[in-house]
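A.B. asks: The sequence isn't on hand, but the structure is:
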């Protein structure tokens, strides 16, 4: 999994949006950069907020080029709970499509302070489709939890709570928190190992991108809707 920008390239942010009470920069780059590497567009065809206040991210095709989408919160929030409310099915994304819900710092300290919830097929079509990861990712001994997210789940919440001594992850069917019953909790994981980052200048981010910059296998554009982002300080 590569979430690192190609260093030497300058990220371009000429557009901002308002979503869930925060200002977010919209990533734009007309030459391929990480993750992927991919092209990123700040067009309102790729990133927009609808009349209900929901964020839409879309991978679009422009001629022979595929444009991906990413938004970056302008605030560094530090320890606390990061909740991402989805209004889309994400269990069957195209094998080359990745949805990332994460923190990232351009400073390489603490592996860029990267804490990830991702939906993807990093391990192939028969592998898991969901990942909790604390970077750096170094292989079989890496701090990562994999699972299979559910079909027929148009609404879900995926969150992590970043504490000094641990990082707790959970994925819940529906939008009710706490859920009405434990059966709505589909996955959870607690990590208390030695590679936990400490807060710095990281930001919450959301992106939709293509593995190795390759087009979707089905040749179709891809859209994901995020209804809300909530941060609760520790």
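C.D. replies: Thanks, I have the structure now. Note that this is a predicted model, so its numbers are computed, not measured.
A.B. asks: pLDDT weak spots in this protein?
C.D. replies: 1-12, 139-141 (pLDDT under 70).
A.B. asks: Tell me where this structure has helices.
C.D. replies: 109-113 (DSSP state H).
A.B. asks: can you pull the contacts of residue 131?
C.D. replies: Listed by CB atoms under 8 Å, 6 or more residues apart in numbering, the contact set of residue 131 reads 1, 116-120, 122, 144-146. (C-beta placed from N, C-alpha, C; glycine too.)
A.B. asks: Just the buried subset of those residues, written out for PyMOL, thanks.
C.D. replies: Buried subset of the contacts of residue 131, written as a PyMOL selection, criterion 16 or more other CB atoms under 10 Å:
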select buried, resi 1+116+117+118+119+120+122+144+145+146
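A.B. asks: Next, check the contacts of residue 131 against the strands and list the overlap.
C.D. replies: Of the contacts of residue 131, the ones assigned to strands by DSSP state E are 116-119, 144-146.
A.B. asks: Residue 46: which of those is nearest?
C.D. replies: Checking the ones in strands among the contacts of residue 131 against residue 46 with CB to CB, the nearest one is residue 119 at 18.3 Å.
A.B. asks: Columns distance to residue 192 on top of the contacts of residue 131, output as a markdown table?
C.D. replies: Putting those into a markdown table (distance: CB to CB, whole Å) gives the following:
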| residue | distance to residue 192 |
| --- | --- |
| 1 | 22 |
| 116 | 17 |
| 117 | 18 |
| 118 | 21 |
| 119 | 24 |
| 120 | 25 |
| 122 | 24 |
| 144 | 14 |
| 145 | 13 |
| 146 | 18 |
